[in-house]
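>>> Pasting the sequence and the predicted model now:
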Protein chains: 2
Amino acid sequence: MGGARKGSPVTNEPSTSRARAIRPTWVGVDPSQDEAPRPPLTRPRVVRTALRLVDEHGLPALTMRALATDLQVSPMALYNHVRDKEELVDLMVDLVLGEVELSTTAGDSVSQLRAMVHSYHQVLTAHPGLARVYGSQVRIGPNGLRIMERGFGLLLDAGFSPREAADAFFALYTYTVGFHLIGSVDPDYSALPPEQTPSMLAVTPYLSGVHQRGRFEYGLDTLLTGLRTGHPAP
Amino acid sequence: MGGARKGSPVTNEPSTSRARAIRPTWVGVDPSQDEAPRPPLTRPRVVRTALRLVDEHGLPALTMRALATDLQVSPMALYNHVRDKEELVDLMVDLVLGEVELSTTAGDSVSQLRAMVHSYHQVLTAHPGLARVYGSQVRIGPNGLRIMERGFGLLLDAGFSPREAADAFFALYTYTVGFHLIGSVDPDYSALPPEQTPSMLAVTPYLSGVHQRGRFEYGLDTLLTGLRTGHPAP
DNA sequence: ACCTGAACACCGTTCAAGT
DNA sequence: ACCTGAACACCGTTCAAGT
């Protein structure tokens, strides 16, 4: 309940266009005064703290008020660093997308594509609560653009036409994000008498965890096989 | 703004276990009295009205208060017919899933599977706002179970093992629901200089509408081709 | 059995005011 | 430039009371 105060000083961006050249006067102040002086409120710190909240307590726990409390600041202080909650979410997404591995060079184009998509999957797995934001509109920032650029590049390299590349990329994107977006589908088995669902009963043992091991990879490889094969008119 | 009062009397379930055998005393009352007598508040009416609200104004417009206003009733009256908002949403989903076509018999198992998934897709297209609820936990009711049963049945018929059937079904499900769940991804083209995104520029003309014509079918047929082909270890 | 009004514990955000 | 407190217009839901 009491706000955790980790204060990870890592990953702080030192020289963006927003970081001004002013040195606040309190820099030389003795910090042993009373309590550890909380670091100044900055845009990256707001975003990183928001991400930590979501990682620890899920997306619904991210409210401007809770975030402000965690940062020991008034709710309105946040609005000096972020236009609104929507922008905050976009920034969180782009921060996380920066973790996606883009520089794999092993294998052919499709193999490299697989590596990137799988990395994307792992990143979303590492931040379970975050994927739900894709349900609302998301504005794709620089890191998202880099992913798209590489995806399209690899598909064009593989011989896809621009039109097919767009379709193929979107299929992979939909599947990957959808995998994490879909909460748990829990069937209400009492809704139908068992004798009406024989096939489901046969499959039931493999229904348990929606995010069962290897399940994402099965669909991913199915898609890639389909892309390699190409499909005749059905 | 003034609440629309369509009052479609169709599709009213006449004999569920909840419909009791009591005939209210006011049944014989002359309706030409003052205004059209609003029909009694029932569970199906609550659910259908909620669905209409979502269809017309999107999921965010569905609040218990707005729904109550539309039904010309106090917010708390709804709770006599529905446990909470979560149950209301589950009921809406199942109502809509009843529209999915399950009785196609043309072609082989995989073709029939395609027909069902495509029908699922069309149903979600007809209720654009609704898909977003899959972002939260959804409890699968009778109509959802029937879809699962048929899907598993067709996959088992096609020779899939129970384990593969579960994986394959889930891949199709993820892709289909994900397609509708993902809002609009709108790239912030100003986030990166154009010379860093040459492939994206080449593909741009096909990026416009996320739900471009034929896009869903492309991914669906890619998946089905992959399923027919089977995939070697990549 | 069904409905109501008032109240509780929340939201995101605007506004006016402080330094 | 950055932060604050109070207020506004909302939420879903509980509770006590009405018929």
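Yep, it's here. None of these values were measured; they are calculated from a predicted model.
>>> helix or strand for the most centrally placed residue in chain A, which one?
By C-alpha atoms, centre = their mean, the mean C-alpha position of chain A lies nearest to residue A:124, the distance being 4.6 Å. Residue A:124 belongs to helix A:109-126 when assigned by DSSP states H and E.
>>> Now do the strands in chain A.
In chain A, the segments counted as strands under DSSP state E are A:138-140, A:185-187.
>>> quick revisit: could you verify my assumption that the residue nearest to the centre of chain A touches residue A:180?
Yes. Using C-beta atoms under 8 Å, residue A:124 is in contact with residue A:180, at 4.5 Å. Quick note: C-beta positions are derived from backbone N, CA and C, even for glycine.
>>> any shared contact partners between those two?
Shared contacts of residue A:124 and residue A:180, defined by C-beta atoms under 8 Å, 6 or more residues apart in numbering or on different chains, comprise residue A:131.
>>> In chain A, where is pLDDT below threshold?
A:1-37, A:209-210, A:231-234 (pLDDT under 70).
>>> Recalculate using a threshold of 50.
For chain A, the stretches with pLDDT under 50 are A:1-33, A:232-234.
>>> got the residues of it near DNA strand C?
With C-beta under 7 Å from any atom of the strand as the criterion, chain A meets DNA strand C at residues A:62, A:63, A:64, A:65, A:66, A:75, A:76, A:79, A:84, A:85, A:86.
>>> Take those and keep only those in helices.
Among these, the ones falling in helices (DSSP state H) are A:64, A:65, A:66, A:85, A:86.
>>> And for the helix holding residue A:124, what's in contact with it?
A:96-97, A:99-102, A:104-107, A:130-131, A:147, A:150-151, A:154-155, A:157-158, A:172, A:176-177, A:179-180, A:216-217, A:220-221, A:224, A:227-228, B:234.
>>> List the buried residues for it?
For helix A:109-126, a neighbour-count test (16 or more other C-beta atoms under 10 Å in any protein chain shown) marks A:110, A:112-121, A:123-124 as buried.
>>> how far does it sit from the chain's center?
Relative to its chain's centre, helix A:109-126 lies at 12 Å (C-alpha atoms, centre = their mean, to the nearest Å).
>>> check whether the longest helix anywhere in chain A contacts chain B.
Assignment by DSSP H gives helix A:162-181 as the longest helix of chain A. Yes. With C-beta under 8 Å from any C-beta of the partner chain as the criterion, chain B is reached by helix A:162-181 at A:162-171, A:173-175, A:177-179, A:181.
>>> hmm, which of those residues are the buried ones?
Using 16+ other C-beta under 10 Å as the burial test, the residues of helix A:162-181 next to chain B include A:162, A:164-171, A:173-175, A:177-179, A:181 as buried.
>>> And those, which is closest to DNA strand C?
residue A:181 (19.8 Å; C-beta to the nearest atom of the strand).
>>> Tell me how chain A divides into domains.
A:40-82, A:96-183+A:204-230 (automatic domain parsing).
>>> what residues does stretch A:201-210 touch?
A:182, A:184-185, A:187, A:194, A:200, A:212, B:152, B:156, B:162-163, B:165-167, B:169-170.
>>> The same query, at a cut-off of 6 Å, please.
Residues outside stretch A:201-210 that contact it (C-beta atoms under 6 Å, 6 or more residues apart in numbering or on different chains): A:184, B:152, B:162, B:163, B:165, B:166.
>>> filter these down to the ones near DNA strand D?
Of the contacts of stretch A:201-210, not one also sits near DNA strand D (C-beta under 7 Å from any atom of the strand).
>>> Widest-spaced pair of these?
A:184 and B:162 (20.2 Å; C-beta to C-beta).
>>> circling back to that earlier point, name the nearest of the contacts of stretch A:201-210 relative to DNA strand D.
Nearest member of the contacts of stretch A:201-210 to DNA strand D, counting by C-beta to the nearest atom of the strand, is residue A:184, at 18.2 Å.
>>> what does chain A have sitting close to DNA strand D?
Checking chain A against DNA strand D by C-beta under 7 Å from any atom of the strand, the hits are A:40, A:41, A:73, A:74, A:75, A:76, A:77, A:80, A:81.
>>> touching chain B at all, stretch A:82-97?
No. Using C-beta under 6 Å from any C-beta of the partner chain, stretch A:82-97 never reaches chain B; the gap is at least 8.3 Å.
>>> Excluding chain neighbours, give the residue nearest to whichever residue of chain A sits closest to chain B in space.
Distances between chain A and chain B by C-beta to the nearest C-beta are smallest at residue A:178, namely 1.8 Å. Closest residue to residue A:178 apart from its sequence neighbours, by C-beta to C-beta, 6 or more residues apart in numbering or on different chains: residue B:178 at 1.8 Å.
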